[in-house]
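Trainee: Return a 3D structure for these sequence lines:
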Amino acid sequence: MVILCRLVNLHRFCGFCRTGQKLSTYRRALFYVPANQERKLRKIPQLVADSIVLDCEDGVAEVSKTEARNNVIAFLQSDMPSSVNCELAWRVNSLQSGLLEEDLKAVAEAKVELETILLPKVNSINDLKQFSILFRNYFQYVKKSIMLLIYVESAQSLLNMAKIVNAAFNLSTFCPLYLDGVVFGSDDYCADIGIQRSEDTVELIYARQRFISICKAFKLQAVDMVYNDYKNLNGLAAHCHEAKGLGFTGKQVIHPDQIKIVQDSFMPTVEELERAKEIVEEFEKQKTSGIGAFTFHTSMIDMPLVLQAMRTWNHLTFQNGILHNKLVYNVDAMQFLYLLSFHRLRIKSKQEKDCVLSIFKNVIVLGL
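Mentor: Residues are numbered from 1 along each chain as shown. Alright, predicted model coming up:
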């Protein structure tokens, strides 16, 4: 069948959330910009990252907290957000810092529009409850949903994580906060349990696997730790490869040079996408015959592997530019199911365009 899809001014990929009703932003790179540094804030429109975080927490010294808060307000009230082609998030200070209420009060009084809030150091359901009370007190004027990401940064938080996540989902029943992902804060976690983080991070394998398992159980994005050696790009690439293999969906980033490596690492390769497409197509052929498993090249493929292929294909995204064109797709019913998982497309390079053409045969792209 032929489906005509009109995609206008769409700037980033979104996927279906846990409920299947709301779209969640795709975050491969979560890039922190210290909000007290105006020079770095002015460079934000030039950055190409899935999510840019205006940071008032760990990236800001104690003496600069007020300045950072005021800069966030000034930035969000300026014309700059309109020229930013990605998610703009705000990392507030933790409840334990004693600065969270000041953050929320100042921004609420300025009546600025927020897209996403990052809440660090959530150790218990009570921390979440106190945050929600403050949010409701100050943000009564907010009508549309605000995305929420929470941080696991201590042994207590990791122990309570499933309960915290479940409680965070329930926030949307009485305030416009929608849980969209969880971030692993490894440095604070290491400090909390009294260990040093090594290059191979073997000491964190249990914490990371537990973290990922809970995120996956709740169908949430799992954002991995910062790679602190920002000049070692080969080391970063290796860490990204490991993180993707463990099941993380993205990584925290502290330097612009890290962004492209991280975002490329958390995308399927052309070869992976081609293999996934072939498996799904073969599955469609075989299922009418009642065969539960089939041979693909030299491998035996059953339903779990088919689902993995579907998930790989579902990650297809186009990283750069803004698309104002009309697309005409000639696809079969199975392909269309996956086409529906695309909310926003971004195409910049010929390689990415060729990738589209290699996966969706008979695709006509008008105006490119």
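Trainee: Run through the neighbouring helices and strands of the longest helix anywhere in the chain.
Mentor: If you go by DSSP state H, the chain has its longest helix at helix 270-287. Counting contacts by 3 or more C-beta pairs under 8 Å, 6 or more residues apart in numbering; DSSP states H and E, helix 270-287 packs against strand 294-296, strand 299-301, helix 303-314, helix 333-339, helix 350-359. Heads up, the C-betas are built off the backbone N, CA and C, glycines and all.
Trainee: Would you single out the least confident of those?
Mentor: Ranked by mean pLDDT, the helices and strands packed on helix 270-287 bottom out at helix 333-339, which scores a mean of 38.
Trainee: And stretch 182-190, end to end?
Mentor: End-to-end distance of stretch 182-190: 17 Å, with C-alpha to C-alpha, to the nearest Å as the criterion.
Trainee: I would like the residues contacting it, please.
Mentor: The contact list for stretch 182-190, computed with C-beta atoms under 8 Å, 6 or more residues apart in numbering, reads 30, 118, 120-121, 149-155, 158, 161, 165, 196-197, 201, 203-204, 207-208, 211, 214-215, 220-226, 228, 252.
Trainee: what's the answer for stretch 37-49, then?
Mentor: The contact list for stretch 37-49 (C-beta under 8 Å, 6+ apart) reads 29-31, 33-35, 52, 54, 71, 75, 80, 83-86, 88, 253, 256, 259-260, 263, 319-320.
Trainee: Need the buried ones from these selected in ChimeraX.
Mentor: Selection of buried members from the contacts of stretch 37-49 for ChimeraX, criterion 16 or more other C-beta atoms under 10 Å:
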select :29,30,31,33,34,35,52,54,71,75,84,85,86,88,253,256,259,263,319
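Trainee: out of the contacts of stretch 37-49, which are inside strands?
Mentor: Using DSSP state E, Ala29, Leu30, Phe31, Val33, Pro34, Ile52, Leu54, Leu88, Val253 are the members of the contacts of stretch 37-49 that sit in strands.
Trainee: Pick out whichever of these sits closest to Glu278.
Mentor: Taking C-beta to C-beta as the measure, Glu278 sits nearest to Ala29 out of the ones in strands among the contacts of stretch 37-49, at 29.4 Å.
Trainee: Quick check, pLDDT for the residue lying closest to Asp192 once chain neighbours are set aside.
Mentor: The shortest distance from Asp192 to any non-neighbouring residue, by C-beta to C-beta, 6 or more residues apart in numbering, is to Ser154 (4.3 Å). The per-residue pLDDT reported for Ser154 equals 98.
Trainee: about what we covered before: of the contacts of stretch 182-190, grab the buried ones for ChimeraX.
Mentor: In ChimeraX, a selection of the buried entries from the contacts of stretch 182-190 looks like this (16+ other C-beta under 10 Å):
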select :30,118,120,121,149,150,151,152,153,154,158,161,165,197,201,204,207,208,211,214,215,220,221,222,223,224,225,226,252
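Trainee: Give me the subset of the contacts of stretch 182-190 that lies in helices.
Mentor: Using DSSP H, the contacts of stretch 182-190 in helices are Ala155, Leu158, Met161, Val165, Ala207, Arg208, Phe211, Ile214, Cys215.
Trainee: Let me see the contact set for the third one.
Mentor: It stands for Met161. If you count contacts by C-beta under 8 Å, 6+ apart, Met161 has them with Val152, Val182, Arg210, Phe211, Ile214.
Trainee: Not counting its own residues, what contacts stretch 296-313?
Mentor: Defining contact as C-beta under 8 Å, 6+ apart, one finds that stretch 296-313 is touched by 268, 272-273, 275-280, 282-283, 292-295, 338, 359.
Trainee: Tell me where the model's unsure across the protein.
Mentor: Residue ranges of the chain with pLDDT under 70: 1-24, 314-368.
Trainee: give me that answer again for 90
Mentor: Residues of the chain meeting the criterion pLDDT under 90: 1-26, 79-80, 82-85, 140-144, 172-174, 267-368.
Trainee: quick one: the residue of it most remote from its centre from Ser94, how far?
Mentor: The outermost residue of the chain relative to its centre, with distances by C-alpha atoms, centre = their mean, is Ser289 at 39.1 Å. From Ser289 across to Ser94, the span is 57 Å (C-beta to C-beta, to the nearest Å).
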